[in-house]
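**Student:** Model the structure of this input:
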Amino acid sequence: MIYWSIFIAFFIPGILGYGGGPASIPLIENEVVNRYGWMSINEFSELLAMGNALPGPIATKMAGYIGFQQAGILGAFIGVFATVAPSLILMIVLLSILFKFKDSSKVQRMTKLIRPTIAMLLGVMAYEFFVSSYTGAGLFQTFFLIAAGYLLLEKLKVHPALVIIGALGYGAVFLGGII
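**Tutor:** Numbering: from 1, shown residues only. Sure, this is the predicted structure:
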């Protein structure tokens, strides 16, 4: 029964909390503090502060922590899944509708109009990453990682996940992440 309670406690805010984590925090508080009594207001406030200090979406961090606190690892998994399930369901429904009408001229025109916007957003993001890397790690480190990434991905056809792990390891060892 606790697993169902965890699922409902995070699924309802996921459905009603339009706007992401910050919009769903009061709804999560209502479920966790008022409805189920798993935490006091002070404990919830401390969890919120801790969650805000960590990177990533706040709602999933809170769901994982509260789910773990109430029912262990399975509870954490159920809490996180319940938080993302509404978005996942909606995305599957919308993609199935889009796939159904993929041959429509209106849908094809829409996707053609979206492509330049996505390309521009990715370009801006890549530029911001480059500037951040250049200012944080320096010119040599930045160009070394760009060249190594290009060589590994394009020439040697190494899987992108392995390149990312390698870059993280390089950063941890040579750029002061661990040492």
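
**Student:** pLDDT score for the residue sitting furthest away from the middle of the chain?
**Tutor:** Distance from the centre of the chain peaks at residue 105, with 32.9 Å (C-alpha atoms, centre = their mean). What the model reports for residue 105 is a pLDDT of 89.

**Student:** cool, residue 154 as well?
**Tutor:** We have a pLDDT of 95 for residue 154.

**Student:** distance of it from residue 48?
**Tutor:** Distance, residue 154 to residue 48, using C-beta to C-beta, to the nearest Å: 44 Å. All C-beta spots, glycine's among them, are computed from the backbone N, C-alpha and C.

**Student:** Please apply the same query to residue 22.
**Tutor:** 10 Å.

**Student:** Can you list phi and psi of residue 157 for me?
**Tutor:** phi 60, psi 40 (degrees, to the nearest 10).

**Student:** Which one of residue 22 and residue 48 is surrounded by more residues?
**Tutor:** residue 48 (16 against 12; other C-beta atoms under 10 Å).

**Student:** check contacts around that one.
**Tutor:** By C-beta atoms under 8 Å, 6 or more residues apart in numbering, the contact list for residue 48 reads 25, 58, 62.

**Student:** if I read this right, the first one contacts residue 57, doesn't it?
**Tutor:** No. Assessed by C-beta atoms under 8 Å, residue 25 is found out of contact with residue 57, at 11.3 Å.

**Student:** higher neighbour count, those two?
**Tutor:** residue 25 (19 against 16).

**Student:** Next secondary structure after the host helix or strand of the more buried one?
**Tutor:** Residue 25 belongs to helix 21-29 when assigned by DSSP states H and E. Next in sequence after helix 21-29, counting helices and strands by DSSP H and E, comes helix 41-53.

**Student:** what angle do the helix or strand just after that following helix and helix 21-29 make?
**Tutor:** Downstream of helix 41-53, the next assigned helix or strand under DSSP H and E is helix 58-100. Angle of helix 58-100 versus helix 21-29, following axes from the mean of the first three to the mean of the last three C-alpha atoms, to 10 degrees, is 110 degrees.

**Student:** from the chain's centre, how far out does helix 58-100 sit?
**Tutor:** 11 Å (C-alpha atoms, centre = their mean, to the nearest Å).

**Student:** and that helix, average pLDDT?
**Tutor:** Mean per-residue pLDDT for helix 58-100: 92.

**Student:** and the next helix or strand after it, what does it pack onto?
**Tutor:** Using DSSP H and E, the next helix or strand after helix 58-100 towards the C-terminus is helix 105-137. Counting contacts by 3 or more C-beta pairs under 8 Å, 6 or more residues apart in numbering; DSSP states H and E, helix 105-137 packs against helix 139-150.

**Student:** Done for today, thanks.
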